[in-house]
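1. sequence and predicted model, in that order:
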Amino acid sequence: MADEKQGGRPLSEEELQDLVASTDAGARNPAGGVGTLLAIVAVVWSVFQVILASPVANYILPGDLINNSRQFHLAFAVFLAFMAYPALKSSPRHYIPIQDWIMGLAGAFIALYGFFFYEKIVNAGGLADDTDKWVALAGLILLFEAARRALGPAMAIIATIFLLYVFFGSSEWVPEVIRWKGASLKKAMSHMWITSEGVFGIALGVSTKFVFLFVLFGALLDKAGAGNYFIKMAFGALGHLRGGPAKAAVVGSAATGLISGSSIANVVTTGTFTIPLMKRVGFTSEKAGAVEVASSVNGQIMPPVMGAAAFLMVEYVGISYVEVITHAFLPAAISYIALVYIVHLEAVKNNMPTLGNRVVSMGKTIGGMAIFFVGFAALCYGVQYPVRWITGVLPSSGLVLSALIFLVYAALLYLAAQVPDLEPDDPNAEEVELPVVGEIYKSGLYYLLPIIVLVYFLMIEQKSPGLSAFWATALLFVILLTQRPLKAIFRGQSDMANAFRDGVVDLWNGLIDGARNMIGIGLATATAGVIVGTVTLTGVGQVMADLVEFLSGGNLIMMLIMVGLLSLVLGMGLPTTANYIVVSSLMAGVVVELGAQSGLIVPLIAVHLFVFYFGIMADVTPPVGLASFAAAAVSGGDAIRTGFTAFFYSLRTVALPFVFIFNTDLLLIDVTWVQGIIVFVAATIAILVFTAGTMGYFLTKSRIYESILLVAVAFALFRPDYFMDRIQPPYAQIPPTELEAKLDTAQAGKELRFVISGPDFDTGEMKDMSLIVPVPEDEGGAARMEAMGFIVMEEDGVMRLEEPMFGAPIADQMSSFDFYADNPVSISAVKVPQSQMPKELVFIPALLLLALVAMLQRARMGKQGEPA
């Protein structure tokens, strides 16, 4: 990638599009009949996925096809990968060599092997015979080669290493700590290809059911013109402020993050306009590129349309997509707020000029944007009331609602027809005319309709992500086909046929783009299935847990750092989705278990979001950081320096996961509306103060001790419980022998914390584990202890435990202990909750300390002769 940029020269528009294509959708684009054939295959894939997600799928598609939809999904991805991605840099770009046709067709056939020979495989109980095992091995080899082309060599190499471990895990070459008995070719191929434990596992299923529709939704929305509209609106709102192009880049990238799941495409789409303008007001090439990278990469964490990994969380954590969005919202929002503040501080520090000649109030701009976002959220929420009234009154409400949506769309399109269509601006023009929001907002209001439909079905109706995306995509089909003809009618133009034809071409190209953008994701989830399959077949996950626990010395923070580093290292060669699958499969359970041993109950969703955040950071971090290379290609700056600057700007994305592991209020877990608002305000102040502390600039240039104080204030606002627990511990420890008496008087529903000590079932070594168990409703201490699942025997002051009965509340958590070893399993500590002052009281001294720093800096600013 580095040789894409010669001597610091920014790449041309054509070269940039080639960069995005070769990274995201394949560099090969054959002309003539072959090109048409491949376009048809891509469109067929998109249409198949749309029908599969529709409510009428069971009536249109055969049952066998629906049951084997993962196989068809992979067949399309493998075939198009060999067609679209050349094998080598020297391979032809304008035609497809015969060997690629052979591999593409063979790969598609083997992907569909389970569909063609379904009866035979079912009759064999899912076990591979001699033919199956060789076909499956050929399928894996072709899958790895397709992944190498589409995703780079790292994914294929890592999957190959895991597969070799399956076969040769008993070899002396393998370290003894992870050695296992090994598997035969037949056993391994059954697991990896014939069953749904490996390639055709959960990850590929999520790609098939959910991810494709969201990627297609983004491609169609962009093809309709929404991307350019969002960028123009961001520049109209923020472009005239100091450092305005950088602020507009952040907001524009957040909006286009709804559209593009690709960091690289986001960088190039918005960066070709924002980066030259940032350089124009004083940002260096590297800083301009870094701002674009940091804001583009974070598009993947911005609800409601997050990266593919968010849909995998639904399956892995076992919660709904609405809950994933809820937990992810606050960290994503404050992350973007911090990035706007970073570029503001850069602009103020360097006294950058403004663009254009309009004077705009920063306060009014921020207030206007806040009103828009609150209003949009209120609209998404409030639309349920008229919908419920209509569905309650009218029997055929579906048709009526569809007609109403079309009427609203037609009205908004009529508004858009009153103003000229938006054309992309030239950022290198001598006079930069930034758009005026009051003049352009009408031109694209109808782009918000599909997003409202998506949010309504996801959040209000709480339909599945696939069905929600289907209805939003169906509306986009209508928009793409009708926006040009209807505008022509509203403007009194007569060229209806050409307008309709252009709409059909837009829809056709959108369907092609959606399919091509899915090739990499489909292959990533399928190849990652080999890694997940290896973990389930060999049990290496538990060994990894023991190894990481040993290396971290049982320290949770050290272990989190190691997990973060592992994500960054793997992310140098893996896309975000594959990185998330690998690291979460190996490490998520380990973090939860080690947290329990440390006395901290870590929700599984917090660990998965932790891995996700570090996974997206890999697009930023040198030496690979593809988004940084793309930004450097636009800016003409140094790619490595751009990457390091972007990583510095993204420090808040690195810090936030550590915060929400220890303070799950940030993920809005078990908080009321009032608490949620307090958490949002406190977290926003905290991230701004943290940003000021790490940037070395608050009201003026900070001294070292002021930066330290600002970071300390941020920590207190993020983790008020850390200080309150030391002032007034939330739990009081009682002797285990008094447990029954304490339970006799304890309030039902209160949570008790137990520390259980005993020998590990696998290793025989002594270990501690923390359990949180609510007090049951039963009357009497003995009855409550039995209801919890504890079978206790007191010996010499030690509360020994027998193995809990099957189905008891604590049975699963206690299963890792050996109850029949020489050393007993016992209750070593019991902690009962005690009253504690509200942790929010810590905010008062923290804010006073912040005010003190502000006073010191204001006093220094007032002195004559000292530079600000």
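-> On my side now, so go ahead.
2. when you work out contacts or count neighbours from here on, use the C-alpha atoms and nothing else.
-> Noted.
3. so for Gly7, what's the pLDDT?
-> Here the pLDDT value assigned to Gly7 is 40.
4. Asp100 now?
-> Among the per-residue scores, Asp100 shows a pLDDT of 92.
5. what's near enough to touch it?
-> In this structure, Asp100 makes contact with Phe82, Met83, judged by C-alpha atoms under 8 Å, 6 or more residues apart in numbering.
6. so where does it fall, helix or strand?
-> Secondary structure assignment for Asp100, by DSSP states H and E: helix 98-111.
7. in the following helix or strand past that helix, what's buried?
-> Proceeding C-terminally, helix 98-111 gives way to helix 113-116 as the next helix or strand, assigned by DSSP H and E. Under the neighbour-count criterion of 16 or more other C-alpha atoms under 10 Å, helix 113-116 has Tyr113, Gly114, Phe115 buried.
8. which one of the residues you listed is nearest Asn29?
-> Proximity of these to Asn29 was ranked by C-alpha to C-alpha; the top entry is Tyr113 with 28.6 Å.
9. so how far is Gly529 from that closest one?
-> 17 Å (C-alpha to C-alpha, to the nearest Å).
10. flag every buried residue along the helix holding Asp100.
-> Taking 16+ other C-alpha under 10 Å as the basis for neighbour counts, the residues of helix 98-111 that come out buried are Asp100, Met103, Gly104, Leu105, Ala106, Gly107, Ala108, Phe109, Ile110, Ala111.
11. quick one, what contacts the nearest residue to Ile581 once chain neighbours are set aside?
-> Leaving aside its chain neighbours, Ile581 sits nearest to Ala528 (6.5 Å; criterion: C-alpha to C-alpha, 6 or more residues apart in numbering). Contacts for Ala528 (C-alpha under 8 Å, 6+ apart) come out as Ala159, Val199, Ala203, Ala578, Ile581, Val582.
12. equivalent analysis for Gly503, please.
-> Contact partners of Gly503, counting by C-alpha under 8 Å, 6+ apart, are Leu480, Leu481, Thr482, Gln483, Arg484, Pro485.
13. Ser402: how many residues sit nearby?
-> When neighbours are counted by other C-alpha atoms under 10 Å, Ser402 registers 12.
14. can you say which helix or strand has it in it?
-> Counting by DSSP H and E, the element that carries Ser402 is helix 397-417.
15. could you dump the contacts of Gly503 to a markdown table with secondary structure and pLDDT?
-> Listed next are the contacts of Gly503 as a markdown table, based on DSSP: H, G, I helix; E, B strand; the rest coil; pLDDT from 0 to 100:
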| residue | secondary structure | pLDDT |
| --- | --- | --- |
| Leu480 | helix | 94 |
| Leu481 | helix | 93 |
| Thr482 | helix | 93 |
| Gln483 | helix | 93 |
| Arg484 | helix | 91 |
| Pro485 | helix | 92 |
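16. out of these, who's the most crowded?
-> In terms of neighbours by other C-alpha under 10 Å, those top out with Leu480 at 24 neighbours.
17. hang on, isn't that one packed against Ala226?
-> No. In this structure, Leu480 sits apart from Ala226 without contact. The criterion is C-alpha atoms under 8 Å, and the distance is 11.3 Å.
18. once you drop chain neighbours, what's closest to Arg800?
-> Residue nearest to Arg800 in three dimensions, not counting chain neighbours: Ser826, with 4.3 Å by C-alpha to C-alpha, 6+ apart.
19. contacting residues for that neighbour?
-> Under the criterion of C-alpha under 8 Å, 6+ apart, the neighbours of Ser826 are Ile756, Ser757, Gly758, Val798, Met799, Arg800, Leu801.
20. quick one, domains of this structure?
-> Split into domains by automatic domain parsing, the chain comes to 8-204, 731-835.
21. if we can go back for a sec, just the ones in helices from the contacts of Ser826, please.
-> Cross-referencing these with the helices (criterion: DSSP state H) gives no overlap at all.
22. in CSV: those, plus distance to Leu568, pLDDT and neighbour count.
-> Supplementary listing: those in CSV, determined by distance: C-alpha to C-alpha, whole Å; pLDDT from 0 to 100; neighbours: other C-alpha atoms under 10 Å:
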residue, distance to Leu568, pLDDT, neighbour count
Ile756, 35, 88, 22
Ser757, 35, 90, 22
Gly758, 36, 89, 25
Val798, 46, 83, 17
Met799, 45, 86, 22
Arg800, 44, 88, 22
Leu801, 42, 87, 19
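23. can you pull out the low-pLDDT segments for the stretch 451-600 of the chain?
-> Using pLDDT under 70 as the threshold, the predicted model of the stretch 451-600 of the chain has low-confidence ranges 541-542, 544-546, 554, 572-573, 597-599.
24. need the next SSE after the helix or strand hosting Ile371, C-terminal direction.
-> With the criterion set as DSSP H and E, the secondary-structure element containing Ile371 is helix 362-382. Next along the chain after helix 362-382, taking DSSP H and E as the criterion, comes helix 384-393.
25. so which bits of that following helix are buried?
-> Ile390.
26. next one, pLDDT for Ala265 please.
-> Here the pLDDT value assigned to Ala265 is 67.
27. what sits against the residue nearest to Gly510 when sequence neighbours are not counted?
-> Excluding the flanking residues, the one nearest Gly510 by C-alpha to C-alpha, 6+ apart is Leu220, at 4.9 Å. Taking C-alpha under 8 Å, 6+ apart as the criterion, Leu220 is in contact with Thr473, Leu476, Phe477, Leu480, Leu507, Gly510, Leu511, Gly514.
28. how about 10 Å then?
-> By C-alpha atoms under 10 Å, 6 or more residues apart in numbering, the residues touching Leu220 are 214, 226, 259, 473, 476-477, 479-480, 506-514.
29. weed out the non-buried ones from those residues.
-> Neighbour-count burial (16+ other C-alpha under 10 Å) applied to the contacts of Leu220 gives 214, 226, 259, 473, 476-477, 479-480, 506-514.
30. let's see which of these end up in helices.
-> Mapping these onto helices (DSSP H) picks out 214, 226, 473, 476-477, 479-480, 506-514.
31. kindly state the beta-bridge partners for Pro774.
-> For Pro774, the beta-bridge partners under DSSP bridges are Glu751.
32. residues contacting it?
-> In this structure, Pro774 makes contact with Gln747, Ala748, Gly749, Lys750, Glu751, Leu752, Arg753, Met788, Pro809, judged by C-alpha under 10 Å, 6+ apart.
33. now swap in Ile687 and tell me
-> The neighbourhood of Ile687, defined by C-alpha under 10 Å, 6+ apart, consists of 331, 334-339, 341, 652, 655-656, 693, 711, 714-715, 717-718.
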